[in-house]
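*Asks:* prediction below, plus the sequence it came from.
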Amino acid sequence: MLRIAIIEDNESERQELSQAITNYFDEKQIAGEVKEYTNGDLFLNHYTGKNQFSLIFLDIDMPGKNGMETAECIRQIDAEVLLIFVTYMVQYAVQGYSVAACDFIVKPVVLEQLHIKLDSIIDRLLSRKKMITIRMNDGLRQIKISDICFIEVLGRKLILHTSNSQIEFYGTLKEMEKLLRYNNFAKCNKCYLVNLSYVSQIAGNEVVIADHSLQISRREKKHFIEALTRYDGGI
C-alpha cells in the first residue's frame with residue numbers, strides 16, 4: 001500500500017488535493033491512503049520515520065515550521081521518502097534541491113498536471129520494491145532484485161541469471177527495463193540487461209559479471225559506461 005501525507009494549513013486546498021489523490025488511486029486501482037496534517041509541527045509530532053510514508057506533499061508557506069524547515073527535519077530521519085512542494089511561491093520551490101525534493105507543484109493545482117506527476121512518481125515508488133514478480137508457466141514467482149546478475153534475451157523468452165540459478169520466463173527486455181528502473185540496471189546491448197552492482201570489470205568491448213563476459217554493443221556503450229560511472233561504487 002502507498003501511504004501519502006499532505007502537510008497544508010489551508011483547509012480547502014488540503015482537502016482538494018487529498019480528494020484528487022484519492023480519486024487518482026481509485027481510477028488507477030492502486031491501494032493507497034492519504035493522511036492530512038495542518039502544519040509541519042503537527043506532522044513531525046506524529047512522524048515515526050522511515051517507511052511510514054512513501055510520499056509527502058508540503059506547502060512551503062505555513063505557520064510554525066514552514067515547508068522547507070519541515071523537510072529538513074524529515075531528511076534527518078528519512079533520506080529516501082519522496083518530497084513534493086506545493087506552493088504559490090515558485091521562486092522558493094527551487095530550494096527543494098537542498099532537501100532532495102523530487103518535484104514541485106504550483107498552486108492552484110491543475111488535475112491534469114497532478115496526474116502526470118503522479119504517474120511518474122508512482123512508477124518510481126513501485127520500482128523501488130525489493131522484489132519483482134514474474135509469471136511462470138506454473139504460476140507467479142517473486143525474485144529478490146538484488147539477486148539478479150543480468151537478464152538475457154532468448155527468442156521470445158528471457159533468462160534471469162542469479163548467482164546460483166537461471167530462470168526462464170516469457171517477457172520482453174523493454175518490460176524488464178521499465179520494471180527495474182531506479183534499481184541500477186542498464187543495457188550493454190539489445191540482448192542483455194545488467195545489474196551494475198555485479199560488474200567486476202570492462203575489458204575492451206565486454207563487461208565481466210562473475211564468470212560471464214557479455215558483449216557491449218557500439219550503440220549502447222556510451223550509455224552503459226555513463227550509467228556505470230554514475231553508479232556508486234562502479235568502476
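*Replies:* That came through, no problem. Numbering: from 1, shown residues only.
*Asks:* all helices for this protein, in order.
*Replies:* For the chain, the helices defined by DSSP state H occupy 11-28, 40-46, 67-77, 90-93, 111-127, 173-179, 218-230.
*Asks:* what comes into contact with the second one?
*Replies:* Right, helix 40-46. 5, 7, 37, 58, 62, 64-67, 69-70, 73-74 (CB atoms under 8 Å, 6 or more residues apart in numbering). Yep, even glycine has a C-beta here, placed from its N, CA and C like the rest.
*Asks:* list the buried residues in that helix.
*Replies:* The neighbour-count check on helix 40-46 (16 or more other CB atoms under 10 Å) flags G40, D41, L42, F43, L44 as buried.
*Asks:* check the first one too.
*Replies:* Of the residues in helix 11-28, those buried under the neighbour-count criterion (16+ other CB under 10 Å) are E13, R14, L17, S18, A20, I21, Y24, F25.
*Asks:* format these as a markdown table; extra columns: pLDDT and distance to I132.
*Replies:* Formatted as a markdown table, those follow (pLDDT from 0 to 100; distance: CB to CB, whole Å):
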| residue | pLDDT | distance to I132 |
| --- | --- | --- |
| E13 | 96 | 37 |
| R14 | 97 | 35 |
| L17 | 97 | 31 |
| S18 | 97 | 31 |
| A20 | 96 | 30 |
| I21 | 96 | 26 |
| Y24 | 93 | 24 |
| F25 | 91 | 22 |
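*Asks:* pick the one among these closest to N205.
*Replies:* Nearest to N205 among these: Y24, at 45.3 Å, using CB to CB.
*Asks:* quick check, pLDDT for the nearest residue to G49 once chain neighbours are set aside.
*Replies:* Sequence neighbours aside, I77 is the residue nearest to G49 in space, at 4.6 Å (criterion: CB to CB, 6 or more residues apart in numbering). Here, the pLDDT recorded for I77 equals 91.
*Asks:* repeat for Q142
*Replies:* Q142 is assigned 84 on the pLDDT scale.
*Asks:* same thing with V34?
*Replies:* For V34, the pLDDT comes out at 97.
*Asks:* what's near enough to touch it?
*Replies:* Neighbouring residues of V34 by CB under 8 Å, 6+ apart: I4, A5, I6, S18, I21, T22.
*Asks:* make CSV out of those and add distance to S163.
*Replies:* CSV is the format used below for the contacts of V34 (distance: CB to CB, whole Å):
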residue, distance to S163
I4, 36
A5, 38
I6, 43
S18, 45
I21, 40
T22, 43
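*Asks:* name the nearest of those residues relative to F224.
*Replies:* When the contacts of V34 are compared for distance to F224 (CB to CB), I4 wins out at 35.1 Å.
*Asks:* residues in a beta bridge with the closest one, which ones?
*Replies:* In this entry, I4 is beta-bridged to V34, L55, by DSSP bridges.
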